[in-house]
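**Q** let me see the structure of the following:
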Amino acid sequence: MVNIMVKRYVIVGGVAGGASTATRLRRLDEFAEIVMLERGEFVSFANCGLPYYIGKVIETKEALELITPEVFFTRFNIDVRVKNEVLSINKEKKEVLVKNLETGEEYNLVYDKLVLAPGAEPLKPPIEGIDKVPIFTLRNIPDSVQMEEFISTSNPTSAVVIGAGYIGLEMAENLSHRGIRVIVVELLDQVLPTLDKDMGQIVNNEIILNRLELILSDGVKSFGINDNGNSKYLVYTQSGRKIETDMIILSIGVRPESKLAKDCGLELNQKGYIVVDEHMITSDKDIYAVGDVVEITNLQTKQRTVVPLAGPANRQGRVAADNIAGRTSSYKGAIGTAVLQVFNQTVAQTGLTEKQLQNLDIEYDKVFVHPKTHAGYYPGAKPITLKLIFDLSNGKILGAQAVGGDGTEKRIDVIATVIYFGGSVFDLQELELCYAPPFGCARDCVNMAGFVASNVQSGDVKICHWHDAEELEEKGAFIIDVRSPEKYEEGHLSSSINIPLGQIRSRLNEIPKDRTIYLHCQVGFTAYIAQRILLNNGYDAVNFTGGYDTYLIATLKPGAHVGELEPYNNQSC
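**A** Model prediction:
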């Protein structure tokens, strides 16, 4: 008879990080005692789906609960104890003090290895009046149920969403689906601060097109209650606005639930996130941490950062379980690949943004392309705007952002894979991607971005950007708009002259050879053809990458909007 030394692994918290750790541990060790402690009612639920329950896209809260404690036990033999809160950790004795929130009983639980996966909680700063009005935040199923009950019983007609990050915009959209008039208030000058502003502008546009009011560059100063007896709540902004509303949702970010770690002396960074190594081990060799509570490494810059997303949390849980079970496994880091739906637009990103690169010693450039989601002749094609950022020293891809129709996230996933393997813009040209008219184009959006960026990287063409236009016009640059006269009349750079592409060769005598010629069209492709004509005729020609569409959307004033951007037909560069 073989004696098996049974070990006890205690996991604090569930959802993505904790649950993935527990189930992976069971697959690797059939005989270990695995205890998962969760102070809430639910241990494994779809927190990313919570806003869609509010919008009734997901109709029942039961659909949000992924695995119940009973299933954890029958399928994985994992002892899940909900409504059991860990009060403290004793590292020396290797035990945790737990309180059963239903009975009030407190007990000690000894561990061989401890995993901390408490996640992060919504920020709720001490804004004046914040305790005088009902403020909703969204973290778990009870939060969403409370919000849904308020909507169903109080029938609010208006709501203010404070914060225009991922959760804030998801909440704004889903409240709008319920027929509630929504005002979004954001301290910064754009929505989705993880995007560069020129791409965030497209999302701004989509929000306004869907009749939400968007207030940017204006934070909240205080809250109050209307004194005229109509049960309205008041939001006062820093600029002096007074907003009357039935409902207030606060979504301005999260902070790590790291009090347990701090109290027991584990190493934290300046923002309170738990410091872990590549094996997800904390400063105590017997305590691991995963998920939104940990500081990790940016895979590209090698700098320490935080990425509170479900995908990284799941992978971290797997790595922690491997190492606990005796397998050497490393979490290499994250590149921040994420996606969001905003009404009719898919918003996706991966890698580094320009905002991040401006603080790094990397010489980079970027290109914009505006293809379609699939073949233009097949019904239902929608535009995609894709921004690709690359290292000018070697063509290595640094990041990408895209906003558009169905399949936009697929393109970012492909680029994220190339970034992970250290690929360059030249690799994007070579990728063989799926094509059929309902799904894509023979030269996919990803290939197109690679073609354009490779032309720049190889020195075949010179480009300038939407933000160069004002300075170029002030300096009296020679700018040619190569679109049709009809398109030119709809809108153009004020100092540009109109020479349609079909007339370029016959009007070369009007174009000075002793000056740099700047070309633009709607999206950059027609101007590229004109650029090649001029280059082959001995001119110094520069193309506005992304064309007038990029300039138009990037320079929109607050509150202004345009219609749907115009894609081209995915022809070859």
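**Q** please, which helix or strand holds residue 149?
**A** helix 141-154 (DSSP states H and E).
**Q** so what's the gap between the following helix or strand past that helix and the chain middle?
**A** Scanning forward in sequence from helix 141-154 by DSSP H and E, the next helix or strand is strand 158-162. Distance of strand 158-162 from its chain centroid, counting by Cα atoms, centre = their mean, to the nearest Å, is 21 Å.
**Q** would you mind giving me the confidence score for the residue most central in space within the chain?
**A** The structure's the chain has its C-alpha centroid closest to residue 338; by Cα atoms, centre = their mean the separation is 4.2 Å. If you check residue 338, the pLDDT there is 96.
**Q** please apply the same query to residue 59.
**A** Looking at residue 59, its pLDDT is 89.
**Q** number of residues surrounding it?
**A** Residues lying near residue 59 (other Cβ atoms under 10 Å) number 9. Quick note: C-beta positions are derived from backbone N, CA and C, even for glycine.
**Q** low-confidence regions, this structure specifically.
**A** Applying pLDDT under 70 to the chain picks out residues 1-4, 229, 563-573.
**Q** surely the residue nearest to the centre of the chain and residue 308 touch.
**A** No - Residue 338 is beyond contact range of residue 308, at 10.2 Å (criterion: Cβ atoms under 8 Å).
**Q** what packs against the helix holding residue 149?
**A** Packing partners of helix 141-154 (3 or more Cβ pairs under 8 Å, 6 or more residues apart in numbering; DSSP states H and E): helix 50-54.
**Q** picking that back up, now do the residue nearest to the centre of the chain against residue 407, distance only.
**A** 16 Å (Cβ to Cβ, to the nearest Å).
**Q** for residue 530, same thing?
**A** Counting by Cβ to Cβ, the gap from residue 530 to residue 407 is 30 Å.
**Q** neighbour count winner among the two?
**A** Neighbour tally, residue 530 and residue 407, criterion other Cβ under 10 Å: the higher count belongs to residue 530, 26 against 18.
**Q** what's in contact with the host helix or strand of the more buried one?
**A** Using DSSP H and E, residue 530 maps to helix 525-536. Residues outside helix 525-536 that contact it (Cβ atoms under 8 Å, 6 or more residues apart in numbering): 452, 455, 461, 480, 482-483, 501, 504-505, 511, 517, 519-521, 541-544, 547, 568, 571, 573.
**Q** past it, which element shows up next along the chain?
**A** For helix 525-536, the following helix or strand on the C-terminal side (DSSP H and E) is strand 540-544.
**Q** quick one: strands adjacent to that following strand?
**A** In the sheet, strand 540-544 lines up against strand 462-464 (parallel), strand 516-520 (parallel) (DSSP bridges).
**Q** so which of those is nearest residue 154?
**A** For these, the distance to residue 154 is smallest for strand 516-520, at 51.7 Å, taking Cβ to Cβ.
**Q** how distant is the closest one from the center of its chain?
**A** Here strand 516-520 shows a centroid-to-chain-centroid distance of 35 Å under the convention Cα atoms, centre = their mean.
**Q** again, but for stretch 521-536
**A** Put simply, stretch 521-536 sits 33 Å off its chain's centre (Cα atoms, centre = their mean).
**Q** do the same with stretch 178-191
**A** 17 Å.
**Q** before we move on, what about stretch 206-218?
**A** Distance, stretch centre to chain centre, for stretch 206-218: 18 Å (Cα atoms, centre = their mean).
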